[in-house]
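Chemist: Just to be clear, the model below is a prediction. Sequence and coordinates:
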Amino acid sequence: MNTINASPLTPPAFDLLLVFRHSPYGGSMGREGLEAALAAGAFDQNMAILFLGEAIWQLLSTQQTASNVASDCHSQKNHLKMTNALPLFGIDQIYTSQDDLNDFSLQLEELALSPTALWPSELTALMSNAKTILSF
C-alpha cells in the first residue's frame, strides 16, 4: 500500500473513509465498523478512518469492559485488540477531532494508534476529498 503524506492543513484524498460516531460499547456499530475496516484493509483499499464524538473512546488505550467493570456491557468484547490490528491490514491513516479531544479532556498520548487530530476545517476537507464515506 502506498504511504500518503499530508501536511497538517491538507488531509489527503482517500477512496474510502470510514467515519465512526458511536461509543464502543453502546451497541454493535463500533465493532461492525472495525470489521468493515479490516475487510477493506485486507483488499488493500486506499482508506482512512475518522473517529468523531463518542467514537473517540474506541481509541482509548485503557478501555474497560465486562472483565473489569460490572455494567450493562457484559456481553461486549474489548475493541482495542481489533483497533490495534488496523495497521497490520495496512490501515495507518487514523484521524480524530481536536475539538472532541478537548470536549472529552483527552490527550493524543492516551489514544492507541497515534491518530492525527484535525480541526473542523480540516475535517471538512478530509470528508470532501473522500470518494466514498461509510458511517458507523
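Modeler: Okay, I see it.
Chemist: could you point out the longest helix in the chain?
Modeler: For the chain, the longest helix by residue count, based on DSSP state H, is helix 29-42.
Chemist: Could you tell me the end-to-end distance of stretch 59-78?
Modeler: 11 Å (CA to CA, to the nearest Å).
Chemist: Give me the buried stretch members for the longest helix of the chain, please.
Modeler: Taking 16 or more other CB atoms under 10 Å as the basis for neighbour counts, the residues of helix 29-42 that come out buried are 29-31, 33-34, 37-38, 40-41. The C-beta positions use only the backbone N, C-alpha and C, and glycine is treated the same way.
Chemist: Could you list every helix and strand in contact with it?
Modeler: Helices and strands touching helix 29-42, as assessed by 3 or more CB pairs under 8 Å, 6 or more residues apart in numbering; DSSP states H and E, comprise strand 16-20, strand 47-51, helix 80-85.
Chemist: pLDDT of that helix, averaged?
Modeler: The pLDDT scores in helix 29-42 average 94.
Chemist: Need the residues that contact that helix.
Modeler: Contacting residues not belonging to helix 29-42 are listed as 16, 18, 20-24, 47, 49, 55, 58, 76-77, 79, 82-83, 85-86, 89-91, 134, 136 [CB atoms under 8 Å, 6 or more residues apart in numbering].
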